[in-house]
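Participant: Could you look at this predicted model? Sequence included:
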Amino acid sequence: MKKRTLLSMAMVATMTVATFAGCGGSREGTTEETATTETEATTEEASADTAATDMPGFEEGATIGISLPWLGTQNWKEAEEMFTTQLEEAGYTPLVQAADNKVTQQQQQIESMIENGAKVIVVGPVDGSQLGSVLEQAKEAGVYVIGYDRLLENTTGVDGVVQFGSVKTGELQAQALLQGLEEQKGEAPYNIELFGGGPADPNAPNFFKGAMSVLQPKIDDGTLVVVSGQTDFTQCATVDWDNAKAQSRMDSLLSGFYSDKEIDGVLCPNDGIARACITSCENAGQDIPVVSGLDAENESVEWVWQGRQYSTVAKPTEDLVAKTIEIIDSLQAGNGMPATEVTADNGVIEVPVYELPPVVVTKDNEKEVFANDPSRLELLK
Ligand code: BGC
């Protein structure tokens with residue numbers, strides 16, 4: 001930073017011509033992408049000059065560590081398979097591991113990736129805030145660290161994060177819920193309940209925050225009634241994203257609050273929890289409520305088609321893996337992190353974010369959304 005502020009505008013202009021092509025800039029440089037003034041924008045270009053030395057490339061065939069939180073939902077299983085195959089195809093040596101939702105196991109797996117000479121470690125954290133020291137260890141060893149699908153919090157040991165917009169995902173879930181209620185449950189008011197994901201996962205509060213930005217005004221004006229009164233993330237969260245825990249909370253809500261009422265809708269943060277809540281309602285003899293989801297898991301793709309689950313949100317693993325490998329290629333070639341205009345505050349630094357758009361799926365657009373996904377299209381019969 002200091003070095004760059006000393007550069008005169010004239011020097012910057014000359015250097016830009018020589019160094020701009022292909023250089024993404026250092027972490028600080030990328031953070032400044034959001035800058036709008038000419039001076040700051042030019043400073044960003046100057047930072048590209050430091051990329052080659054700040055972020056040296058590495059040999060072809062290098063080991064790339066992939067540390068996944070667990071394999072409990074379809075997206076992580078897909079990531080395990082796709083990273084293994086596609087990193088090999090790209091000429092790298094993949095080292096792919098999953099941590100069974102255990103923080104200590106993930107810390108040990110990352111340590112062993114560093115010991116095994118990994119040049120890049122891609123991490124979907126079990127707990128976004130518990131990997132600070134091991135990631136800083138990686139950084140000291142000259143390893144690049146990329147957050148995958150979830151933010152890496154409270155650490156300087158992260159070079160960027162690849163993910164689908166998580167607040168946006170929550171907004172889409174809530175909009176679909178409202179749309180489904182209007183379509184299927186007659187006139188307002190509607191009785192609903194709210195579910196959140198695993199509290200250690202930084203995505204979960206963001207999904208909930210996005211959803212509540214849409215739902216809270218409708219709760220305030222009486223369109224929606226949360227019969228249990230449980231509207232805080234902490235009351236609604238599902239520890240470890242465990243479907244069984246969600247199902248048993250839904251069972252208790254139904255027996256405690258709905259013995260003489262119908263439940264019209266349930267905000268669910270992913271497909272596993274959506275199916276658990278639907279099953280609980282069916283078991284309690286309720287008509288199926290309007291339920292949101294996430295991941296476009298095969299089973300939910302079918303349930304949406306059958307009208308049993310109202311919506312899901314597609315965040316294709318294939319696109320996220322491809323984006324990650326594109327970044328790894330840039331690092332390997334010595335070009336540093338690609339430029340991005342989006343950053344996230346991880347509590348310590350502004351982390352460059354490579355954000356892809358999530359897409360809401362209902363029965364109405366399901367065939368279009370999966371037009372280029374033969375395995376999911378196949379399920380729509
Ligand atoms: C992912 C979701 C997934 C959930 C549970 C979240 O961080 O974004 O796709 O369903 O974790 O595994």
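Facilitator: Here it is on my side, so go on.
Participant: For stretch 238-258, buried residues please.
Facilitator: 238, 240-243, 245-247, 249-251, 253-254, 257-258 (16 or more other CB atoms under 10 Å). C-beta: built from backbone N, CA, C; applies to glycine.
Participant: and the stretch 101-250 of the chain, which of its residues are near the ligand?
Facilitator: 149-150, 197, 201, 203, 241 (CB under 6 Å from any ligand atom).
Participant: Going through the residues you listed, which ones are buried?
Facilitator: 149-150, 197, 201, 203, 241.
Participant: Could you dump those into TSV with pLDDT added?
Facilitator: Shown next, in TSV, are these (pLDDT from 0 to 100):
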residue	pLDDT
Asp149	98
Arg150	98
Gly197	98
Asp201	98
Asn203	98
Trp241	98
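Participant: Tell me the one among the residues you listed nearest to Val158.
Facilitator: Comparing those against Val158 with CB to CB places Arg150 closest, at 11.2 Å.
Participant: what residues are up against that closest one?
Facilitator: The contact partners of Arg150, by CB atoms under 8 Å, 6 or more residues apart in numbering, come to 69, 124-125, 128, 161, 163, 201-203.
Participant: Farthest-apart pair in the residues you listed, please.
Facilitator: Between any two of the contacts of Arg150 (CB to CB), the greatest distance is 14.2 Å, for Pro69 and Val161.
Participant: Those two - which one has more neighbours?
Facilitator: Pro69 (29 against 25; other CB atoms under 10 Å).
Participant: how near is that one to Gly229?
Facilitator: Noted for Pro69: a distance of 32 Å to Gly229, by CB to CB, to the nearest Å.
Participant: ditto for Gln184
Facilitator: According to CB to CB, Gln184 and Gly229 sit 24 Å apart.
Participant: cool, and Gly186?
Facilitator: Gly186 is 23 Å from Gly229, by CB to CB.
Participant: Spell out which helix or strand contains Val353, please.
Facilitator: Using DSSP states H and E, Val353 sits in strand 350-356.
Participant: buried ones in that strand?
Facilitator: 350-355.
Participant: Any residue of that strand touching the ligand?
Facilitator: No. Judged by CB under 6 Å from any ligand atom, strand 350-356 makes no contact with the ligand; its nearest approach is 11.7 Å.
Participant: For that strand, C-alpha coordinates in PDB please.
Facilitator: Extracted in PDB, the C-alpha atoms of strand 350-356 (Å, rounded to 0.1, in the frame of the first residue of the first chain):
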ATOM      1  CA  GLU A 350     -11.900  -7.100   2.900                       C
ATOM      2  CA  VAL A 351     -11.800 -10.400   1.000                       C
ATOM      3  CA  PRO A 352     -12.100 -10.400  -2.800                       C
ATOM      4  CA  VAL A 353     -15.300 -12.300  -3.700                       C
ATOM      5  CA  TYR A 354     -16.000 -14.000  -7.000                       C
ATOM      6  CA  GLU A 355     -19.800 -14.100  -7.000                       C
ATOM      7  CA  LEU A 356     -22.100 -16.100  -9.200                       C
END
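Participant: Can you give the distance of it from its chain's centre?
Facilitator: From the chain centre to the centre of strand 350-356 is a distance of 11 Å (CA atoms, centre = their mean, to the nearest Å).
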